[in-house]
Structures are given as C-alpha cells and as structure tokens.
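Enquirer: structure for the following, please:
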Amino acid sequence: MKPMFAILLALSLSGFSTLAAAATPEQEQALWQRYFQARFPDVPWEEFPNGAYAIDPIGRENWEAIEEFPPYETAISEGEALWNTPFADGKGYADCFPDGPAIMNQYPRWDRARGMVVTLPLAINECRKVHGEKPLKYKKGPIASLLAYIGYESRGQIIDVKIPKDDPRALAAYEKGKQFYFARRGQLNFSCAHCHVLYAGYVLRTETLSPALGHTTHFPVYRSKWGEMGTLHRRYIGCNKQVRAKPFKPQSEEYRNLEYFMTYMNNGLPLNAPGARK
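Expert: The predicted model follows:
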C-alpha cells in the first residue's frame, strides 16, 4: 500500500508537494482537509457535514424543504424511548454510558485492552450483552433509532478521534482503514476515493458526488431510497454493492477500521446527526 500522499498524487491532487512521502496521520489529515477546502473554496468549514448539499444549490433547496419536517424525527423519539427503557435486570443504557446520551463524539475509539477499534453501535450491543439482552441488528431498526437519538443529543460536538502514539496497533488499524478507502474493488474496479475524492462534485447520473470530508458526521441517516433509517455500515455495504464488490458484514474489522480512518480525517468538524439524504 502506497502512502496516501503518493496515492493523492496519482489521483492528480496537487498543491501538497512539500509533504513528505512517509506522512504521519496528522500530516495526512491536514493534507486531506486542505485538499477539500481548496477544491471547494466557497464552502465554509462548518458546511462540509452537509455533504453534497454544501455544493449543490438545487439539491440543497430540496433538502432544506425536507428538513422542515425531518423524516428522522420518529426515529429520534423511538431512540429516546429505547434509551430510557430498563433492561430485564433493571439496568439501562445509562449504566453503560454514564455521560448520558450525548456521547457520539467519543466514538469510534481505540480500545487498548482489546487492541481494536470500538464503534458506538458495537458499544451499544456490548452493553446489551452485559445485561443479558439480545444484540440488535446493525444495519437498521432499533439500532438506527438509538443512534438517531444519541446523534441528536450530540449535535454540535466536535469530532476528535485519537490515534494513540504509544500503541502501534492503533496506527495499524488506521492504516488498514486508509488502505480500504483507496483500494480498488469489485467488477467496476473503483475505490471509495474515486467517487468522493477525485470526482467529488461531479454529477453521476442525477446525483452529485459528495466530498469525503464530512461523510461520517451525519449518520445514521434517513435515505429516501431506503424509506427508513440506516447506519453508516449499511451505507458501506451499499457502496460496495454499487461497485459490484462483495460487502463485509456490518461491524466487521474492515468496516470498523474504515470508520476509524474516515472519522479521524473529519476531526474538527461538528456532528449533525441524524441526517436525511436521497
């Protein structure tokens, strides 16, 4: 796997010739964010979480109309009820997450004891397991409603994912996530970066391809295509299918590492979950 600097150059991204080839995650993050700010100079920093609606004025008008009566409001209410409903043992989510529901900016995080990336959906199901409850399915349904409520309570929090410098396993997980993002896959031989780095802002069929910067800030989302709420890993699965690649299971190591990389690259952006998309 080439360093991301070399890959960005291969994708004809210019203006960063002073960055060393063996870049640190901090340098790569700065490169990533500068690239998108230079690519879309009229987009304010805080607008990147709005995805394609930050760069597509017509799509934004439609989106703003939808946001007047958000289709995810029911999910927020359902998630709040789930959060406040005790488990069979009398405990609840608050016993696992003592900081309350506004915790989305704490994830994904590196778990030093287990040597793995822990996402919020994974932490939710681990909480349920500790208290004798069955795990929730990861793509949609109650897990999406819980995440919608937690996301709503966390709106405005600033993303601040850490890669501990004293644990090389954390850096390895970040590197695996980065490799996944830039690797070509499927019959179409496309990477995530083709659509959302190289061709961000272009129109594919009738859809404006959103910039990668900000992609993890607004999940879970209500997609008109789905007609319901869905999680980030559901979207990963859909993207893999679109390039005719065999998807991984939600909350697989591959997708958790991908989320770790992508969210780290969004450090400094505000959370605005849940979201609504086409």
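
Enquirer: for the most centrally placed residue in the chain, which non-adjacent residue is closest in space?
Expert: Compute the mean C-alpha point of the chain, and by C-alpha atoms, centre = their mean the closest residue is Thr216, 2.4 Å away. Sequence neighbours aside, Thr263 is the residue nearest to Thr216 in space, at 4.6 Å (criterion: C-beta to C-beta, 6 or more residues apart in numbering). Any C-beta I mention is one placed from the backbone N, CA and C, and that applies to glycine too.

Enquirer: tell me the contacts of that neighbour?
Expert: Pro108, Ile159, Val161, Thr216 (C-beta atoms under 8 Å, 6 or more residues apart in numbering).

Enquirer: following whichever strand or helix holds it, which helix or strand comes up?
Expert: Assessed by DSSP states H and E, Thr263 sits inside helix 253-265. Using DSSP H and E, the helix or strand that follows helix 253-265 towards the C-terminus is strand 275-277.

Enquirer: burial of Tyr53, as a residue count?
Expert: By the criterion of other C-beta atoms under 10 Å, Tyr53 has 23 neighbours.

Enquirer: wait, it touches Ala65, no?
Expert: No - under the criterion of C-beta atoms under 8 Å, Tyr53 makes no contact with Ala65, lying 11.4 Å away.

Enquirer: okay, now the unreliable bits of the stretch 1-150 of the chain?
Expert: For the stretch 1-150 of the chain, residues meeting the criterion pLDDT under 70 lie at 1-22.

Enquirer: in it, what residue spans correspond to strands?
Expert: Using DSSP state E, counting those that start in this stretch, the strands of the stretch 1-150 of the chain run over 109-111, 116-118.

Enquirer: return the most buried member of the ones you listed.
Expert: Of all the strands of the stretch 1-150 of the chain, strand 116-118 carries the top mean neighbour count, a mean of 20, counting by mean count of other C-beta atoms under 10 Å.

Enquirer: show me what that strand is packed up against.
Expert: Contact here means 3 or more C-beta pairs under 8 Å, 6 or more residues apart in numbering; DSSP states H and E; on that basis strand 116-118 packs against strand 109-111, helix 253-265.

Enquirer: go ahead and measure how far it is from the middle of the chain.
Expert: Remark: strand 116-118 is offset 15 Å from the chain centroid, using C-alpha atoms, centre = their mean, to the nearest Å.

Enquirer: repeat for stretch 122-138
Expert: Distance of stretch 122-138 from the chain centroid (C-alpha atoms, centre = their mean) equals 21 Å.

Enquirer: run through who's touching it.
Expert: So stretch 122-138 is contacted by 87-89, 91, 93, 95-97, 107, 118, 121, 142-143, 146-147, 231, 233-234, 250-251, 256 (C-beta under 8 Å, 6+ apart).

Enquirer: buried residues, that stretch. List them.
Expert: Residues Leu122, Ala123, Ile124, Asn125, Cys127, Arg128, His131, Leu136, Tyr138 are the ones in stretch 122-138 that count as buried (16 or more other C-beta atoms under 10 Å).

Enquirer: kindly export that stretch (C-alpha atoms) in CSV.
Expert: Output of stretch 122-138 as CSV, limited to C-alpha atoms (Å, rounded to 0.1, in the frame of the first residue of the first chain):
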residue,chain,number,x,y,z
LEU,A,122,-20.6,-2.1,18.9
ALA,A,123,-20.5,-0.5,22.3
ILE,A,124,-24.3,-0.4,22.4
ASN,A,125,-24.6,-4.2,21.7
GLU,A,126,-21.8,-4.9,24.2
CYS,A,127,-23.8,-3.0,26.8
ARG,A,128,-26.9,-5.1,26.0
LYS,A,129,-24.8,-8.3,26.2
VAL,A,130,-23.5,-7.4,29.7
HIS,A,131,-27.1,-7.0,30.9
GLY,A,132,-28.4,-10.2,29.3
GLU,A,133,-30.2,-8.6,26.3
LYS,A,134,-30.0,-9.9,22.8
PRO,A,135,-27.9,-7.8,20.4
LEU,A,136,-29.5,-5.5,17.9
LYS,A,137,-29.0,-5.9,14.2
TYR,A,138,-26.5,-3.4,12.9
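
Enquirer: sounds good, over and out.
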